[in-house]
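A.B. asks: Need coordinates for the below:
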Amino acid sequence: MTLDEGKQKFLQSWGALGSSWGINRTMAQIHALLLISPEALSADEIMDELMISRGNANMNIRALIDWGLVYKELKAGERKEFFVAEKDMWEVVKCIITERKKRELEPMLKIMDELSSVPETDERSEAFVKVIRDIKLFGSKADSTLDTLTKSDSNWFVGTFMKMIR
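C.D. replies: Now for the predicted structure:
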């Protein structure tokens, strides 16, 4: 496999994985391209490499910046904006966890809070409230665990993970 073939396979694979993380394929492919680029790229370079429109490139670059996965980099004498990806994989994972938690887990916990106030007046309502409370308890534990994970360093996580799988 040549470098170009490997690069294309990585871009396609990372793009396909993006939907598992709650992002679209193009956003994931831009992230992949910036991850493997040794230097910052302009929006034009990203557009040319991935064969996407300017609007699509700009919208997805801004989203990656919002997620904390991509940063602007200034180059002396250049008017264009250049972009670089966070290359520390532990930081990338923490950014993805933080953003998914904010978009998925926190809204679900808010709904469970509202639903847990249903009065327990009969067997059906008691069963309903029990399930809601169980989901809320699990979600709260997941929330707490993810908070601990994102505040920790990679050495702690790897050590803890290795202990768990032994």
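A.B. asks: tell me what the lengthiest helix in the chain is packed against?
C.D. replies: As assigned by DSSP state H, the longest helix anywhere in the chain is helix 123-151. Counting contacts by 3 or more C-beta pairs under 8 Å, 6 or more residues apart in numbering; DSSP states H and E, helix 123-151 packs against helix 89-100, helix 106-115. From N, CA and C alone the C-beta is placed, and that goes for glycine too.
A.B. asks: Would you mind putting these into TSV with mean neighbour count and distance to residue 66 alongside?
C.D. replies: Conversion of those to TSV gives the following (neighbours: other C-beta atoms under 10 Å; distance: least, C-beta to C-beta, whole Å):
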stretch	mean neighbour count	distance to residue 66
helix 89-100	16	8
helix 106-115	13	16
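A.B. asks: how does the chain divide up, domain by domain?
C.D. replies: Taking automatic domain parsing as the reference, the chain has its domains at 3-85, 89-165.
A.B. asks: Find the residue at the geometric middle of the protein.
C.D. replies: For the chain, the residue sitting closest to the mean C-alpha position, by C-alpha atoms, centre = their mean, is residue 96 at 2.5 Å.
A.B. asks: That one and residue 112, how far apart?
C.D. replies: Taking C-beta to C-beta, to the nearest Å as the measure, residue 96 and residue 112 are separated by 23 Å.
A.B. asks: do residue 65 as well
C.D. replies: Residue 65 sits at a distance of 31 Å from residue 112 (criterion: C-beta to C-beta).
A.B. asks: Ok, residue 77 next?
C.D. replies: Between residue 77 and residue 112 the distance, using C-beta to C-beta, works out to 54 Å.
A.B. asks: ditto for residue 46
C.D. replies: Relative to residue 112, residue 46 is positioned 40 Å away (criterion: C-beta to C-beta).
A.B. asks: Under the pLDDT cut-off, which ranges of this structure? List them.
C.D. replies: Low-confidence regions of the chain, defined by pLDDT under 70, span residues 154-166.
A.B. asks: Tell me who's in contact with the residue nearest to residue 135 when sequence neighbours are not counted.
C.D. replies: Using C-beta to C-beta, 6 or more residues apart in numbering and skipping the chain neighbours, the partner closest in space to residue 135 is residue 112 (5.7 Å). The neighbours of residue 112, taking C-beta atoms under 8 Å, 6 or more residues apart in numbering as the test, are 132, 135, 136, 139.
A.B. asks: Now for residue 94: which residues touch it?
C.D. replies: Residues in contact with residue 94 (C-beta under 8 Å, 6+ apart) are 149, 150.
A.B. asks: er, residue 55 I mean
C.D. replies: Residues in contact with residue 55, defined by C-beta under 8 Å, 6+ apart, are absent; none qualify.
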